[in-house]
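**Student:** Predicted model and sequence follow; I will ask about them next.
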Amino acid sequence: MNNLRRCILFAALLALLMGPAQARAESPALSAPTAPVSAMKVWLYVDNRTAYVNGSPAELASPATVVDGKMYVPVKFLGDTFGFPVEYDPVSNSVALKAGDAEVWIWLSERTALVGGLPEPMEPTFIISAEGKLMAQLTWMMDRIGASYSYDPALGRGEVLYMPPGNGELPSAEDSKPIAKFTFGKPSYKMGEKVQYIDLSYDVEGDGIPYAYWKGRQDAFFEPGEHAVSLQVEDSKGNKSEWFTKTILITNELLYTPVDFQMHFAKTQSFVKLTAAELGPFRNSARMPVTRETPLTRRLLVSDSPETIVEHGALYRDWVNGEGRLYAYHINGMDEDVQFAIVATNEGSAPVTIETTRRGEVYPSSYVQLIGYQASVDFLVGDGAKPTLLLQPGESVAYAVLPKLKKGQGINLMYDIKTSGRVVFTFAAAAPGASAEEMAGMKELEYNGHVRGTFAYSDIRITADAGGTKQPMRLSIGESGFDPYVRGYDAFRREIVENRGNFGVMYHIRVQNPGKAAIALLARGGTYKGPFKINGEMMLAPASGALTALDGAFLLHRTAGDEPYIDIEFTPAAGSYLPLDIVFYPLDYK
């Protein structure tokens, strides 16, 4: 367009927008659609004709689109939705609109606009869609009418919140409070019946309500009569609602006892608080009939004495030929740093290999119970990522070396290995920098309690029958007469020993005919914290803290009711104590 024509055009447009009454009368009248009177939420989706206005679908003449990172939406839709005038004049092929205080005239043929009386290019504020519709840059338009907006790239969605102008005054804090409201799924419930709460709260400004505070709310009630339940909510700006109270009626009929209710509906892998009387059905439950096997396929070496290291030396030493498991748990009680290592020595005349098939190891830590827990977690996961070791005749090599132990720090190690010949393993506590040969020849340290020795087997296989779990049934782990501790031989003291706690032992339990049941744990020998696998799925018992006899039961898992059997795997974690009861509690959903 030449300069003369541009000047004539702008003069004509100015006359149309700002000129005398006669000129304005010849231009399209800007008659505004009905303006909204309440807050509005509008969702716009990229490349989609459907938008949502306060949750209701609305069709666009052209789909919303993104150009150079900016969302564009049909101007007519914005005007109709937010209540500002948009008029098209076919004679001049122009569009007039007024958004907020901004009067805009767009000359479509010339791609030129007047914004507030000043000429500027039509683009990039406005574009023409492939379907010939005038599209406005969403952020530009929303800024003019005072709406807030955001964009969710994951959903490809633009979100607009519009508060229509009122009397020019800002809403008071009272007017900005959210509204708390709820109802129950039905007007009355039985004792022990799960209550459904339906939250009907809303925010007057359209914001979310991230916080809710309840009084008197229970998942189930166990006393008949009327019970008051109250709710207060808080919006994202910190405005709190008034308390809303509603009464629920509990009839005199009993559906579930408190214990039954928790076993049916409490979150799995959580504590179930029980009184001393309520613990009775668990502690006194019938024992499952079991068969117990101890395959002599994997030799177990346990080094846990002296548990607290007070001098350098060999903590334990013995041999493995074939499959074996190495287990060590020690704490540095010296004022100086200690290097702990497991040294492998080939005393034969032919090379031998050591293959690691599974391991659990924890770097030095001062948190004693965490050490044993994490090592058992790693071992149960089953990671065997350790290179195969080749030992020449007469050679001593450090099989496992962890960072040096500072005073008060401990380690817990478990390794499943397979050797091609006889290998002597020395569990050594040495000064940092000591060689493998030096550690292999260290003096034997005295026994001072705990567990030390070589055991003929390291796995216990139990097959039990729950009989469909018609009543509470239990398995007692580590209880004398039902699951005795493994007996072995201390090669240093040359005497029969007992692995009190069965540390380093893997339990493989198959419970047949479990029926529909909740599986719970009861600690009976002291604190317990350790991982379990149920049908191959890892479960932490508990994930934080520890289970004690005063904590009631720990709800580990629920069966579906149609399984022919349930497989449970675990290894007693160092720092935890047996006996431990695994209880199958019958479920009958009413």
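**Tutor:** Received, thanks. Numbering: from 1, shown residues only.
**Student:** what bridges to Val343?
**Tutor:** Ala398, Thr426 (DSSP bridges).
**Student:** pretty sure it contacts Val423?
**Tutor:** No: taking Cβ atoms under 8 Å as the definition, Val343 is not a contact partner of Val423, at 10.2 Å. Every residue, glycine included, has its C-beta placed from N, CA and C.
**Student:** Quick check on those two: which one has the bigger neighbour count.
**Tutor:** Neighbour count, other Cβ atoms under 10 Å: between Val343 and Val423, Val343 has more, with 27 against 24.
**Student:** so Thr297, which of the three states?
**Tutor:** Using DSSP: H, G, I helix; E, B strand; the rest coil, the structure places Thr297 in coil.
**Student:** just Asp80 next, same as before
**Tutor:** Assignment for Asp80 (three-state DSSP): helix.
**Student:** how close does it get to Glu59?
**Tutor:** Distance of Asp80 to Glu59, computed by Cβ to Cβ, to the nearest Å: 11 Å.
**Student:** more crowded one of those two?
**Tutor:** Just comparing Asp80 and Glu59: by other Cβ under 10 Å the higher neighbour count belongs to Asp80, 16 against 9.
**Student:** Give me the number of neighbouring residues for Leu108.
**Tutor:** Residues near Leu108, counting by other Cβ under 10 Å, number 18.
**Student:** Would you agree it is in contact with Phe126?
**Tutor:** No: contact criterion Cβ under 8 Å: Leu108 and Phe126 do not qualify, at 9.1 Å.
**Student:** which residues are common contacts for these two?
**Tutor:** Common neighbours of Leu108 and Phe126 (criterion: Cβ atoms under 8 Å, 6 or more residues apart in numbering): Leu134.
**Student:** low-scoring stretches of the stretch 351-500 of the chain, by residue?
**Tutor:** 368-369 (pLDDT under 70).
**Student:** need the strands for it, in chain order.
**Tutor:** For the stretch 351-500 of the chain, applying DSSP state E, counting those that start in this stretch gives strands covering 352-365, 389-391, 396-401, 410-430, 452-455, 459-465, 473-477, 487-490, 495-498.
**Student:** can these go into a markdown table with extra columns for distance to Leu578?
**Tutor:** Below are the strands of the stretch 351-500 of the chain laid out as a markdown table (distance: least, Cβ to Cβ, whole Å):
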| stretch | distance to Leu578 |
| --- | --- |
| strand 352-365 | 19 |
| strand 389-391 | 33 |
| strand 396-401 | 26 |
| strand 410-430 | 17 |
| strand 452-455 | 16 |
| strand 459-465 | 12 |
| strand 473-477 | 6 |
| strand 487-490 | 15 |
| strand 495-498 | 12 |
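**Student:** Nearest to Val66, out of the ones you listed?
**Tutor:** Proximity to Val66 (Cβ to Cβ) singles out strand 352-365 among the strands of the stretch 351-500 of the chain, at 49.4 Å.
**Student:** got the buried residues for that closest one?
**Tutor:** Within strand 352-365, the residues scored as buried using 16 or more other Cβ atoms under 10 Å are Val352, Ile354, Thr356, Arg358, Arg359, Gly360, Glu361, Val362, Pro364.
**Student:** got it, and stretch 241-252?
**Tutor:** Quick answer for stretch 241-252 (16+ other Cβ under 10 Å): Ser241, Phe244, Ile248, Ile250.
**Student:** if we can go back for a sec, mind checking which of the strands of the stretch 351-500 of the chain is nearest Lys533?
**Tutor:** Across the strands of the stretch 351-500 of the chain, Lys533 has its closest neighbour in strand 352-365 (13.0 Å, Cβ to Cβ).
**Student:** Just the angle for that closest one relative to strand 396-401, thanks.
**Tutor:** Angle, strand 352-365 to strand 396-401, by axes from the mean of the first three to the mean of the last three Cα atoms, to 10 degrees: 40 degrees.
**Student:** Compute the inter-axis angle for strand 352-365 and strand 410-430.
**Tutor:** 120 degrees.
**Student:** shaky segments in the chain?
**Tutor:** Low-confidence segments of the chain (pLDDT under 70): 1-39, 165-175, 205-207, 368-369.
**Student:** 50 instead?
**Tutor:** Low-confidence segments of the chain (pLDDT under 50): 1-29, 167-171, 173.
**Student:** Can you show me the helices along it?
**Tutor:** 3-18, 21-26, 75-82, 138-145, 258-265, 276-283, 368-381, 436-440 (DSSP state H).
**Student:** quick one: which of the strands of the stretch 351-500 of the chain is nearest Ser236?
**Tutor:** The closest of those to Ser236 is strand 352-365. By Cβ to Cβ, the value is 40.1 Å.
**Student:** CA atoms of that closest one as PDB?
**Tutor:** C-alpha atoms of strand 352-365 as PDB (Å, rounded to 0.1, in the frame of the first residue of the first chain):
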ATOM      1  CA  VAL A 352      39.100 -71.700  41.300                       C
ATOM      2  CA  THR A 353      36.400 -69.200  40.400                       C
ATOM      3  CA  ILE A 354      33.900 -67.400  42.600                       C
ATOM      4  CA  GLU A 355      30.600 -66.400  41.000                       C
ATOM      5  CA  THR A 356      28.200 -64.100  42.900                       C
ATOM      6  CA  THR A 357      24.600 -64.900  42.200                       C
ATOM      7  CA  ARG A 358      22.900 -62.500  44.700                       C
ATOM      8  CA  ARG A 359      24.000 -59.800  47.100                       C
ATOM      9  CA  GLY A 360      22.900 -57.300  49.600                       C
ATOM     10  CA  GLU A 361      25.300 -54.800  51.000                       C
ATOM     11  CA  VAL A 362      25.000 -51.500  52.800                       C
ATOM     12  CA  TYR A 363      27.800 -48.900  53.000                       C
ATOM     13  CA  PRO A 364      28.900 -47.900  56.500                       C
ATOM     14  CA  SER A 365      26.200 -46.200  58.500                       C
END
